[in-house]
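Visitor: using only what follows, build the 3D model:
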Amino acid sequence: ARARRVVLVAGALVLLAAGLAWAGERGLLALLFASPEERARLAAVGEARRGVAEDPRPLVDAVEDYLRDFGETGWLRAEVLALRDAPVPLGEGRYLVVRDRAELVHVPAGRYAIGVPDGDDRQATRAREVRLGGFLIDREEVSNERYERFLAKWQAAGGRHLCGREDADHLAALARSLDGLSPLLDGPVVAVTPWDALEYARFYGRRLPSEAEWEVAATWDPTAGRARPYPWGDAAPDAGEAPANLSWAGYGGPGPDGEFQALLAAPGRFPRDLSPLGLVAAGGNAAEWCAGALPLPGRQPLRGASIRTDDAFDARAATRREHDPRQPPPADAGFRTVAPFEG
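Guide: Numbering: from 1, shown residues only. From the prediction side, this is the model:
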């Protein structure tokens, strides 16, 4: 009998150790106290996580479903919140951030040669080598839809200004975009100020890219070990060819006066406008705010050609311009965000 009790106790200890190991980060108590409904929702998140490389939408939906019903009181919410905020690998250097449904591409740490030879053009970045830490950058320009979703969450969180300007009207930016050059929800949000872009980025724990980060992500060819003049390659665009949504691309429709008006396009409308690292529409569509050398309200740089670019020379990725943020924002000004990430 005594030997039997020893065996039973030993077996119970083995089962307890196995249970603790299986619980892992969830914690045994959390699993014990979670309701069957909550455990089922967590299982749905896990199932969607396994198929995220094929289709990220089910994971976004599963996380949002769990947080809608259990986000405040759920025993297992820590695991879901971590998954919501952390980059989820999609394969081939791409990552998903569930919180704002952003797909980002990874730029590895390293030394990169960017710019154009000295004396080429004073409006372009000079040829130089830069050393960058690894980072993630939005694969696509932040869209009207993503910005609209941000506004709703930002207001629900109390509308606290993280951009440093308490009087900034971030809601007006969406109306300017949709009523202006970007009427599609999946088109890039434009006519935004640097404060609008910074508010979005900081709300999601990210920032605006430096000019060097933007240029490397838009032009670096890891196979050739050099930067390209244009995201799609060495060939300059001309009037007979539009690899990107530039002024002569012919994409748009009738304007208020009935004449043709160039408009911004949704991602993928110009499939050649793709950088080797995976950035979409870095060679045209919207110009993009970057973090400048001067703090706001100092002049801030815009990088990338846009539908207002009417010259192949100005369409080079090394071309830059600056804008005084105290003036109304350019109608073609959009943005991407970045976050440090070594991978």
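Visitor: please identify the helix or strand for His106.
Guide: strand 102-107 (DSSP states H and E).
Visitor: who does that strand touch, helix- and strand-wise?
Guide: Counting contacts by 3 or more CB pairs under 8 Å, 6 or more residues apart in numbering; DSSP states H and E, strand 102-107 is packed against strand 94-97, strand 135-138, helix 211-219. Where you see a C-beta, it was placed from the backbone N, CA and C, and this is true even at glycine.
Visitor: quick one: which of these is nearest Leu178?
Guide: strand 135-138 (19.7 Å; CB to CB).
Visitor: pretty sure Thr223 sits against Leu277.
Guide: No: in this structure, Thr223 is not within contact of Leu277 by CB atoms under 8 Å, at 10.8 Å.
Visitor: which of these two has more neighbours?
Guide: Leu277 (21 against 6; other CB atoms under 10 Å).
Visitor: hang on, the earlier thing: what pairs with the strand holding His106, parallel or antiparallel?
Guide: strand 94-97 (antiparallel), strand 135-138 (antiparallel) (DSSP bridges).
Visitor: which regions of the stretch 101-250 of the chain sit below the pLDDT cut-off?
Guide: 118-122 (pLDDT under 70).
Visitor: can you give me the helices for it?
Guide: 144-156, 170-178, 194-203, 211-219 (DSSP state H, counting those that start in this stretch).
Visitor: got those as CSV, with mean neighbour count and distance to Glu288 columns?
Guide: Below are the helices of the stretch 101-250 of the chain laid out as CSV (neighbours: other CB atoms under 10 Å; distance: least, CB to CB, whole Å):
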stretch, mean neighbour count, distance to Glu288
helix 144-156, 17, 14
helix 170-178, 19, 14
helix 194-203, 25, 9
helix 211-219, 24, 7
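Visitor: who is the most centrally placed residue in the chain paired with across the strands?
Guide: Central residue of the chain (CA atoms, centre = their mean): Asp138, 2.7 Å from the mean position. Beta bridges link Asp138 to Leu104, judged by DSSP bridges.
Visitor: I'd say it and Arg336 touch.
Guide: Yes: assessed by CB under 8 Å, Asp138 is found in contact with Arg336 at 3.9 Å.
Visitor: list the helices and strands the host helix or strand of Ala339 packs on?
Guide: Using DSSP H and E, Ala339 sits within strand 338-340. With contacts defined as 3+ CB pairs under 8 Å, 6+ apart, strand 338-340 has these neighbours: strand 135-138.
Visitor: circling back: let's have the helices and strands packed on strand 102-107 in JSON lines, adding distance to Arg128.
Guide: Below are the helices and strands packed on strand 102-107 laid out as JSON lines (distance: least, CB to CB, whole Å):
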{"stretch": "strand 94-97", "distance to Arg128": "28"}
{"stretch": "strand 135-138", "distance to Arg128": "19"}
{"stretch": "helix 211-219", "distance to Arg128": "9"}
